[in-house]
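Colleague: Provide a 3D model corresponding to the input given below.
(8 chains)
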8 protein chains.
Amino acid sequence: MNKPSLLELLAEVQLGTLTPEQASSRLSVLPFEDLDYAKIDHQRALRTGLPEVIYAAGKSAAQTAEIFGRMAATGADVLATRADEATAAAVAAVSPASEYHRQACAITLRQAPTTEPLGHLAVLCAGTSDLHAAEEAAVTAELFGTRVSRIYDVGVSGIHRLFAQRDSLATADVVIVCAGMEGALPSVVGGLVGVPVIAVPTSVGYGASFAGAAALLGMLNSCSPNVCVVNIDNGFGAAYTATLIARAAHK
Amino acid sequence: MNKPSLLELLAEVQLGTLTPEQASSRLSVLPFEDLDYAKIDHQRALRTGLPEVIYAAGKSAAQTAEIFGRMAATGADVLATRADEATAAAVAAVSPASEYHRQACAITLRQAPTTEPLGHLAVLCAGTSDLHAAEEAAVTAELFGTRVSRIYDVGVSGIHRLFAQRDSLATADVVIVCAGMEGALPSVVGGLVGVPVIAVPTSVGYGASFAGAAALLGMLNSCSPNVCVVNIDNGFGAAYTATLIARAAHK
Amino acid sequence: MNKPSLLELLAEVQLGTLTPEQASSRLSVLPFEDLDYAKIDHQRALRTGLPEVIYAAGKSAAQTAEIFGRMAATGADVLATRADEATAAAVAAVSPASEYHRQACAITLRQAPTTEPLGHLAVLCAGTSDLHAAEEAAVTAELFGTRVSRIYDVGVSGIHRLFAQRDSLATADVVIVCAGMEGALPSVVGGLVGVPVIAVPTSVGYGASFAGAAALLGMLNSCSPNVCVVNIDNGFGAAYTATLIARAAHK
Amino acid sequence: MNKPSLLELLAEVQLGTLTPEQASSRLSVLPFEDLDYAKIDHQRALRTGLPEVIYAAGKSAAQTAEIFGRMAATGADVLATRADEATAAAVAAVSPASEYHRQACAITLRQAPTTEPLGHLAVLCAGTSDLHAAEEAAVTAELFGTRVSRIYDVGVSGIHRLFAQRDSLATADVVIVCAGMEGALPSVVGGLVGVPVIAVPTSVGYGASFAGAAALLGMLNSCSPNVCVVNIDNGFGAAYTATLIARAAHK
Amino acid sequence: MNKPSLLELLAEVQLGTLTPEQASSRLSVLPFEDLDYAKIDHQRALRTGLPEVIYAAGKSAAQTAEIFGRMAATGADVLATRADEATAAAVAAVSPASEYHRQACAITLRQAPTTEPLGHLAVLCAGTSDLHAAEEAAVTAELFGTRVSRIYDVGVSGIHRLFAQRDSLATADVVIVCAGMEGALPSVVGGLVGVPVIAVPTSVGYGASFAGAAALLGMLNSCSPNVCVVNIDNGFGAAYTATLIARAAHK
Amino acid sequence: MNKPSLLELLAEVQLGTLTPEQASSRLSVLPFEDLDYAKIDHQRALRTGLPEVIYAAGKSAAQTAEIFGRMAATGADVLATRADEATAAAVAAVSPASEYHRQACAITLRQAPTTEPLGHLAVLCAGTSDLHAAEEAAVTAELFGTRVSRIYDVGVSGIHRLFAQRDSLATADVVIVCAGMEGALPSVVGGLVGVPVIAVPTSVGYGASFAGAAALLGMLNSCSPNVCVVNIDNGFGAAYTATLIARAAHK
Amino acid sequence: MNKPSLLELLAEVQLGTLTPEQASSRLSVLPFEDLDYAKIDHQRALRTGLPEVIYAAGKSAAQTAEIFGRMAATGADVLATRADEATAAAVAAVSPASEYHRQACAITLRQAPTTEPLGHLAVLCAGTSDLHAAEEAAVTAELFGTRVSRIYDVGVSGIHRLFAQRDSLATADVVIVCAGMEGALPSVVGGLVGVPVIAVPTSVGYGASFAGAAALLGMLNSCSPNVCVVNIDNGFGAAYTATLIARAAHK
Amino acid sequence: MNKPSLLELLAEVQLGTLTPEQASSRLSVLPFEDLDYAKIDHQRALRTGLPEVIYAAGKSAAQTAEIFGRMAATGADVLATRADEATAAAVAAVSPASEYHRQACAITLRQAPTTEPLGHLAVLCAGTSDLHAAEEAAVTAELFGTRVSRIYDVGVSGIHRLFAQRDSLATADVVIVCAGMEGALPSVVGGLVGVPVIAVPTSVGYGASFAGAAALLGMLNSCSPNVCVVNIDNGFGAAYTATLIARAAHK
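Modeller: Sure, this is the predicted structure:
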C-alpha cells in the first residue's frame, strides 16, 4: 500500500462509504509495511545521503553494466565494488562519465552537485599489499562525501613510520586500519587516538595466515578498547560505518 | 496501536475531526505492528497447539520454578528442558503435578484434556549414551500429543538390531535419529524409510569427536536425501519439527 | 535369492527332496536380503513416487548423458543436478525433450503423465546470489510434483520485503530458506510460520563466511525451534525432504 | 625525560654550557617519548573523559580491591568489569560508595560531578541470556556519561517485539546489539537504523554455537553495511567505542 | 525368528500344512535377520574369541558393577575400560576376582582357562604421560590372549632409547605406538619395522596440542606407509585390531 | 661403514696395527649406523618383498619417467601413484611394458616372476566417486601380490547392496573401506567382519564435507573397534598395511 | 654396550680369541647406540651445561618430589616447571634448599657453584596476566646462568611504555616476548632490535582468543623476520633456546 | 625533523633567538621520531649487515624488476624471494648480474665485496618436496654471509640417513629443519644437537595435512626444548633469524 492508496482508503472512511471497522480490517491485512518501511528507508536515504551500491563480484560484466546504467539514470551517485577491468569497460560503455579505481577495484560515478566534505577519515594500511582494501574504503568514503587522509605502509615492524603521521591521525573523526598477516596495527593505532578505530583484516599473507583469519582473530582480541572489526577485506563496510560516524561528528 | 485505538482513530476520520492526510501521517509512525504481529502469533499458537517451553539451562532453580508456576496458572501444558534434579524439586514445590523425566532432563505438566495422539514418531538412538537427547525428543513430542515409538541402542556396528525394528519404523510419519561418535545411523535409517529423518548429533564420544562436531558433520553429509539436521543434543528442536510433520500428515 | 528360487527351494521341501534342516541351512547362508531389501526399495519407490536423480558433479558430460538416456528409456521422469551447460548439451543430444534450468544447474525430463500438484512449498532466498540453491530446490520439487512459490531476495537487512510476502508464506505446507553470509533469514521466517522450515546455507560470501560455514553454523543455532538444516548449497536434499512433508500433508 | 629536565637541558644550551651538538646527541638517546606519549595520553584522557577501568577476571578479590581503592583515591570515577560477588564485597570494604551491578558483573564508583548525558545509545539483546553482555555495555556507557535505552529480549524469532521498539531506536546516535546462538539480530537492526551498529556476539548457546563462534561469524558476515563487531561477550569494548561515537555527535 | 521356529515352519511345508507360497510370504516379512545376524555375530565370537567389553565412562559405578557381574556370571573373561577407582571398588564387591589396572583405568576378570599367548604385540609410548593409553592397550591385548612387550618412554627427542629396544621390536607381529604432543614416534617406528604400526594419539600436551589433535594430524600424515591411526587415547581399539592381526599371523 | 670396511678395521686390530683403544675411538665416530640401518632396511625388503614406490604428485612427467626407468632397470616391480595421463605417456616411452591404471592414477610395471597371491583383501567403496582411492588401493595390493576382491558402490543409504556381498567379505583376511561424505561405511562393515578394517576417507563431497575432513572424523570415531584409519584419499597406504596383514595370515 | 665392554671385545680380537668376523657380527647386533648416543648426550650436557628439568604438570606432588630429590642428590641444579603450591611443599620437604617461584609456578634448586652470567636476555610481556609465562622464562634462564632483564606490562596499546625501555632492549643478545590476546608485541619489538626474538603466545584472553590460538597465529604471521615462535605458554622452551643463543654470543 | 634542523633549532636557543620554553614546545610537537627511529634503523643495518629484501609474491614482474633495479643501484646486495621465472627474466633485464635460484624461487645480486662467511648453518629437509623452503633458507643465509651445509632428504621414516650426517650437524651454530606432512624431523634433530633448531613447516602433503597446518602443529608441540617455529614455507624468516644467531656466535 503506497501513500495514494492509503489516502484513498481514508477518504472512503471520511465519505462514509467505508466504516471504521471495515477500514481497520483492511489495514490489518494489507501489506502496509511496504509503505511503512519504504518510508523509513527513504528517510534513511535522505538523512545519510549514501548512494546505492553494486556488489559486482559474482555478477557478469553485462549485468553490472545494466544495473549501473539504470542507477545512473536516476541522477544519483553510483558505486560498484569488487569490479574487474572487464566490468569497468562494460560500465564505461553505458556510463562514459564513470571512473575506474584500479587498486580499489571500484567504479564510481559522481553526478550529485559537489558539496563540502563532511568529517575527516584517516585510512591506514600496514603494507602495500593491503591497498586493495584501503583504497576500497577510501574511494567509498570519498564518494559518500567524507574527507580522506591516506596513511599507507605504516606496519608495526617499522613503527616510526606510523609516528611520523601522527598529525594527520590527530585530527581524524574516525580511523580505518587495514592489515593482513598478524593484524597488529589497529591495536597500536587504537592506543594513539581518541576516536573509533574500524579494523579491516585483509587476506594478505600465506601459510598460517589462513587467508586473513589470523589477522581477523588478532583484531577481535585487540587490547585497545576503541577497536571494532569488519569482515576480511571489507573496506566498503568499514567506509560505510566510518562515514556515518564522521558525519554525525559534523552535522 | 491496538485495535481499540485504531478504531478510535478511524472514527475520528469518519467524524471529520481528523483529515485523511492527518490519519495517514499518524498511521505511518505508530507502532501498529504490535497489533498485527501479536495476532499472527496468536493464530500460530491456535493452529499448532504447541505449549510454551522453558529452557532451564542457565536459569536458577528458583527462576525456572517461578516461570513454570506462572505458565501452569494459565491451565496450559508446560515443558521445561535441560533441567537438573534441583530444578525439578523446586518446580515440584510450586507445581506438585509436574513430572520429572530424569534421562530427558525435562519437566512436564499435563493439564490440557487428553486427546488422541496425532501422528506417529519413531525416535531412534545409536547407543545408551545418546538417551539424553532421544528422551528429550520423546518426552517433548509426547507432551505435544504425538505417539512415540522408542527404538534405542541400534547403532550401526550391530546393524541387525536396527533391522529387527523395521516394522515400527515402517509406520512412522517421521523419524528422529540421535547418534554421537561417527553419527552414521541417520544415513542407514534414511535408506530404509520413505519419510523425513531428523538427525540429532549428540555430544557422546571423546577425542576426535570434538564434543559432537564429528557426528554433526557426518549427518550434514548424509548420502540419504531425506535427512536434515539440528544442533548437537537438540532433541527438543527435533521433536518440535517432527510434531509439525506428524500432525500435518494426520490433520 | 529371488522369489522364484525361494519357491523352488520350498517346493523341494514339500516334495521331500529337501529336509527342513537342509532348507534351514541353505536359507541361513543365501543372500536373501537381496529379495527382501529390493522389495522394500520398490515399495518405497511406489509410495513416494520420486524419480531417479543423477548427481552430475564429477561426472563427464558423456557419462551423465549416457546415464540420463538409460533412465529416460524407462519412461520415468529424470533429474540431473549440478550440471553445466556442456553436460546439458550432451544430454539434449540423447534426450531432446530434456530441459536445462540454467540457474538451478539442473536438467529435467518430464515423461510421466502430469498430475495435480500435491502440497505447497515456499522457497525463499536472501539474495540474488543464492538463486543457484533456491532454484535447485524449486526445480527439484516441481519435478517431484509439488507446487512451488518462489519468494526471492528477501534478506534480513531489508526485512519489509519479507513481510510483503506473508500471504504466500501463510499457505505453505513447508518452507525452504536459502541464505549465505550470516544465514539469518531462516530464524526470522521460522518465527513467522507454523510449519517446518528447512534451511539451506549457501556458499555465498567472502572472508569469514568460510565458504558457507558461517551460514551453516548460524542456521544450526537458530532460536526458532521449527528450523532444521541440510548441507551447504544442498537445494536438492532440502526439496526431497520438503516434498515428503508436503505430500504427507495432502495424501 | 620530563618537561623540567628538558627545560634544564635547553637552559644549558642557552647558557652555553652545552653546545647544540651535545644537546642534539643527548636528545637522540634520551627516552623522550615518555614525555611525548604521556602528553598524548593525558590529552586523550582530557578529551574523552573516560575513567580508568579494571579488568577483574584473573585478579584476586584482594588485588582488585586494592587497585580500585587507589583509583578511587584520585577522585575519578572507577569501573571494574568481570567482577564476581566476592570481589564486589572486597571492593565495598575499601570503597563503600561503590555499586555492584550483578547482571553486568561490574562495579562502579561515581565521584565526578554529574553532568548532562552526552549522546544516546540503544543497547539491544536477543534473549535474557545475553543480559550479561548487554548490561556490561549499558553500565559502562552510563558511567561514561552516555544516555542508554535498554531494549531487551527482542530476538529475531519473534521479530515484532523489535518493531514495537522502533521509536527508541529511531533517536539513538549509535546502537549496540548483543546476541548469541545464530547472532542474527544485528543484521535486522542494521537494516532499520541509519546509525552505526556495534555487534557483540555472546557465548550463549550450546553444541554448534562453539561458545559464541557461530554468532561471531554471523555478525562478521552481516549483509547490513553499518555493522561492525567486537570480541565475544565484550560489552565493555562495545560501550567504549559507542561512547566515542555518541559524544562526537553531540559535542 | 530363531532356528527352532524356522525348522517348525519348514516342517509345516514338509507336512503340507503350509504351501511353499505361504511359507515364502512369511519368510519375507519375518525379522529373519535376527537369526541371521545373531549367527554371524556368534560365528565371529567363536572365531575371534574376544570377550565382551564395558565402556565405563559415563556409567555410574553401580551400573558398571551390575553389567560386569552379569557378564562374569556367563563364565567369560570380562573387561571394563575407562573405569575409575570408585568403579573398581564397586566391581570388586560383586566380582572379587576382578583386577584393577590403575594406569590403564581398566578392570579385568580372567575366567577362561589360560592358553598359550597367540602372537606378539609391542606397545610403545613416547613419554610416561602416555601410559594411560599404552596400558589400556597392553591390558586389553593381554586379556585377549596376546603376548605384549612394553617399550615405554622412548620419545623421539632421545631417539637412542628407542634403538636400544630394537630386538623386542624385531619379533613383534604388530606394533602399537602411543604418543601425544607432536606424535612423531609412529613415523620413526614405522621406518624401523616391517609389520603394521597402529598409532594412538594421546591427549598429552598443552596449548597448540589442542587436546591431542596435533598428534592425531601428525600420525595421519605419517610418511611411513605402514602406519594407521585410531582415535585420541583409544588404546582399547588399537589393541582390538592388533590382536586380530597378531592372531592371524599365528593361527 | 659397510661390512668390508668393518672387517678391515677388525683385522687391523687382530694384526696389532690398531690398538683396541684406537678401534674403539674410530667405531664411536664412524657413521656405523649406515651399515646397521642399511642392513635392517635390507632385511625388511627381503621380508616384505614390497617393491619401490614413486609418489608422482608434484613431480614433472620427465622426473617421474626418469626415476621409473632407473627402478625398472633393477628388474624389480615398480609402482608410481598419483600419476596423470601425461606422466603415464612419459613413463611408457621409457618403460613400454608399464601399464597405466586410469581410475587409480597409478602406473605399474610387473617384472618379478608371478607367484601365487598371498592373502585375500576385500576393497569396498561407498560410491562410484570413491573409485580413485579404491582403485589405488586395489592396484597397489595386486602389484604387492595380494588377491583383491572389489566390492564397489555399497554405500550405507542402500545397505542391502552391501549384504549381498557378504560371502566375499567373509573370506577376506583384511578389508579396506573407502568412503567420502559422512564416511559411515567402515563402521557398518566393521560390525559384519572379524578381521581388521582399514578405513580410507575420501575427498568426495561438498560444503560441510570440508574436502574429506567430515569422513575422516567419522571414521576416527567409529563405534566398531576393529577400524583404523589412514589419511584422506590414501589408498596406497591402506593397501601397504593391508598387504602386511594379509601376508602374515598366510605365511 | 659401554666403553669398557667395547674395549674388552676389541681386546679379545687383539688376543685372537675372537675373529674379526665374530666381532663384526656381535657389533652389528649389540645395542651400541646406547654407548654412542649416551656419549652425544653427555657431550651435549657438558657443552650446554643445562640442568635436568621436571615437567610437573600431570605428576602428583609425591612423584615430583621423589624425582626432584633424586636429581638433587647428584649435586646438579634442578628445575621443576608447572608446579603448584602443594608440589612445592612436597619438594621443600625433601629438598629444603629449593625455592618456589609463585608467579612462574617453578621450583629451583641451585647447587652448582655460582658463575658469572653468560649472555643477556630481555624478557618482555604485554600485560600483567602474561606474567606466568614471562616468569617461567626468566626463572629458567636465570637458573641456566643467563642474565635476565624483565620488561613487563609494555603492551602495544600504550606503546610509549615499551620505548621507555629501549636501553635495556638495546644490549640484549636475545629477546623473549610473551603476549596473549592479539599477540602483537613481538612484531613491534622485532622491528626495534637486531637480535632474535622468541615469541611466546599466552592463553590470556577470552572469546575469540581461543585460549591463545589467536596470539599464536598472530606471532606466526609476524611481519618482522627475526621472530620465531614456541607453543602457547611455553616460557620454558623459549628460555632454553634463548639461553643457547645468549651463551653462543659470549662463549 | 632531521639532524640539521635539530641543530638549527638548538643553535637558535644558543643564540637566544629562541627561549628554552619555546624550544621545548616545538620539540614536543615535531615528528622527531623520524630522526630517532631512522637512526636506530641505520644502526641495525650497520650492525647486522643484512641486505634489503623484496617479497615478490603479489607483485608484477615489472614492479619487482623496478624495485630490484633501484636497490641494486645503491651497490648493496639484493634479494627477492617468491619470484617466478617471468620475474627472474624481468629482473635479469635490468640487473644482468642477478642470479635466479629456481628451487628457492629467489633472485640474488651479490655486489658487496666477498668476506669470510660468519658462522655455520645446517639446513635440513625431510623430503625432496620440501626443497623450495630449504633452498629459500639456504640461498638467503648464503647471501647474508653465512656458511650453509645442505642436508636433504633425511626424513624420519628412514632415520639412518640422518645419522649418517651427524658430523655436519655437530659443527653447526644453528640448524634449520624443513618438513611437511607430520613435521617430525625437528624433534628428532633437536634431540641430537646442542644448538637452536628453527623449524619450518612446509605445505607439502595432502588431505589431513591441511596445507601445512599438521606439520606446523607438530613442530609447535615438539618435545625437544631447543625447537622454535616460523610460518609455513617461511624459509626466508628462518634464515634471517638463523643468520643473527650464527653471527653472534662468531662475532
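Colleague: can you tell me which residues contact whatever residue of the stretch 151-251 of chain A ends up closest to chain G?
Modeller: When distances are taken as CB to the nearest CB, the stretch 151-251 of chain A reaches nearest to chain G at A:Ala184, 3.2 Å away. For the C-beta atoms, the positions are set from N, CA and C on the backbone; glycine is no exception. Contact criterion CB atoms under 8 Å, 6 or more residues apart in numbering or on different chains gives A:Ala126, A:Val156, A:Gly218, G:Val156, G:Glu182, G:Gly183, G:Ala184, G:Ser187, G:Val188, G:Gly218 as the residues in contact with A:Ala184.
Colleague: Swap in 10 Å and give it another go.
Modeller: Taking CB atoms under 10 Å, 6 or more residues apart in numbering or on different chains as the contact definition, A:Ala184 lies against A:126, A:155-157, A:159, A:177, A:215, A:218-219, A:222, G:156, G:179, G:182-188, G:218-219, G:221-224.
Colleague: State the pLDDT value of it.
Modeller: A:Ala184 carries a pLDDT score of 94 in this model.
Colleague: Pop out the phi and psi values for it.
Modeller: Main-chain torsions, A:Ala184, degrees, to the nearest 10: phi -90, psi -20.
Colleague: how close does it get to chain F?
Modeller: According to CB to the nearest CB, to the nearest Å, A:Ala184 and chain F sit 29 Å apart.
Colleague: Check A:Arg70 too.
Modeller: A:Arg70 is 34 Å from chain F, where distance means CB to the nearest CB.
Colleague: Can you classify that residue by secondary structure?
Modeller: Each residue gets one of three states, and A:Arg70 gets helix by DSSP: H, G, I helix; E, B strand; the rest coil.
Colleague: measure the residue of the stretch 151-251 of chain A closest to chain G to E:Asn234 for me?
Modeller: From A:Ala184 across to E:Asn234, the span is 40 Å (CB to CB, to the nearest Å).
Colleague: where do the strands sit along chain A?
Modeller: Remark: strands assigned in chain A by DSSP state E are A:52-55, A:78-81, A:99-101, A:106-109, A:120-125, A:147-151, A:174-179, A:197-201, A:227-229.
Colleague: Chain C is nearest to which of those strands?
Modeller: For chain C, the closest of the strands of chain A is strand A:197-201, at 7.7 Å, according to CB to the nearest CB.
Colleague: now check that closest one, is it near chain D?
Modeller: Yes. In terms of CB under 10 Å from any CB of the partner chain, part of strand A:197-201 sits within range of chain D, namely A:Val197, A:Ile198, A:Ala199, A:Val200, A:Pro201.
Colleague: re earlier: only the buried subset of the contacts of A:Ala184, as a PyMOL command please.
Modeller: Buried members of these, identified by 16 or more other CB atoms under 10 Å in any protein chain shown, are gathered into one PyMOL selection as follows:
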select buried, (chain A and resi 126+155+156+157+159+177+215+218+219+222) or (chain G and resi 156+179+182+183+184+185+186+187+188+218+219+221+222+223+224)
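Colleague: give me the subset of the residues of strand A:197-201 next to chain D touching chain C.
Modeller: Intersecting these with the surroundings of chain C, defined as CB under 10 Å from any CB, gives A:Val200, A:Pro201.
Colleague: Turn the residues of strand A:197-201 next to chain D into TSV, including pLDDT and distance to chain B.
Modeller: Shown next, in TSV, are the residues of strand A:197-201 next to chain D (pLDDT from 0 to 100; distance: CB to the nearest CB, whole Å):
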residue	pLDDT	distance to chain B
A:Val197	97	33
A:Ile198	98	32
A:Ala199	98	29
A:Val200	98	30
A:Pro201	98	25
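Colleague: from the residues of strand A:197-201 next to chain D, which two are the most distant?
Modeller: Using CB to CB, the residues of strand A:197-201 next to chain D reach their maximum pairwise distance at A:Val197 and A:Pro201, which is 13.0 Å.
Colleague: which neighbours do these two share?
Modeller: Here A:Val197 and A:Pro201 have A:Val177, A:Pro186, A:Met219, A:Val229 as joint contacts, going by CB under 10 Å, 6+ apart.
Colleague: pLDDT below threshold where in chain A?
Modeller: Counting by pLDDT under 70, chain A contains low-confidence residues at A:1-6, A:24-49, A:51-52.
Colleague: go with 50
Modeller: Filtered on pLDDT under 50, chain A yields the residue ranges A:1-2, A:28-47.
Colleague: And the helices in it?
Modeller: Applying DSSP state H to chain A gives helices spanning A:3-15, A:20-29, A:32-48, A:61-72, A:85-94, A:131-143, A:160-163, A:166-170, A:185-190, A:213-220, A:235-248.
Colleague: And the residue nearest to A:Asn234 when sequence neighbours are not counted, how close does it get to A:Leu131?
Modeller: Excluding the flanking residues, the one nearest A:Asn234 by CB to CB, 6 or more residues apart in numbering or on different chains is A:Val200, at 6.1 Å. Distance, A:Val200 to A:Leu131, using CB to CB: 12 Å.
Colleague: higher neighbour count, those two?
Modeller: Remark: of A:Val200 and A:Leu131, A:Val200 carries more neighbours, 36 against 20, as counted by other CB atoms under 10 Å in any protein chain shown.
Colleague: In the sheet, which residues pair with that one? Tell me.
Modeller: With DSSP bridges applied, the residues forming beta bridges to A:Val200 are A:Cys178.
Colleague: ok, A:Ala214 touching A:Leu220?
Modeller: No. Because the distance of 11.1 Å does not satisfy CB atoms under 10 Å, A:Ala214 is recorded as not touching A:Leu220.
Colleague: Okay, domains of chain A per the record?
Modeller: For chain A, the domain assignment from automatic domain parsing gives the residue ranges A:29-109, A:120-249.
Colleague: Touching, A:Ala93 and A:Thr64? I think so.
Modeller: No. The pair A:Ala93 and A:Thr64 does not pass the contact test of CB under 10 Å, sitting 11.5 Å apart.
Colleague: more neighbours, those two?
Modeller: With neighbours defined as other CB under 10 Å, A:Ala93 and A:Thr64 compare such that A:Thr64 has more, 26 against 12.
Colleague: Residue of the stretch 101-250 of chain A nearest chain F, please.
Modeller: The minimum distance from the stretch 101-250 of chain A to chain F, using CB to the nearest CB, falls at A:Phe210 (13.5 Å).
Colleague: what sits against the nearest residue to that residue once chain neighbours are set aside?
Modeller: Of all residues beyond its chain neighbours, the one nearest A:Phe210 is G:Leu217 (7.3 Å), with distances taken as CB to CB, 6+ apart. Contact criterion CB under 10 Å, 6+ apart gives A:181-183, A:205, A:208-210, A:213-218, E:208, G:182-183, G:201, G:210, G:229, H:216, H:231 as the residues in contact with G:Leu217.
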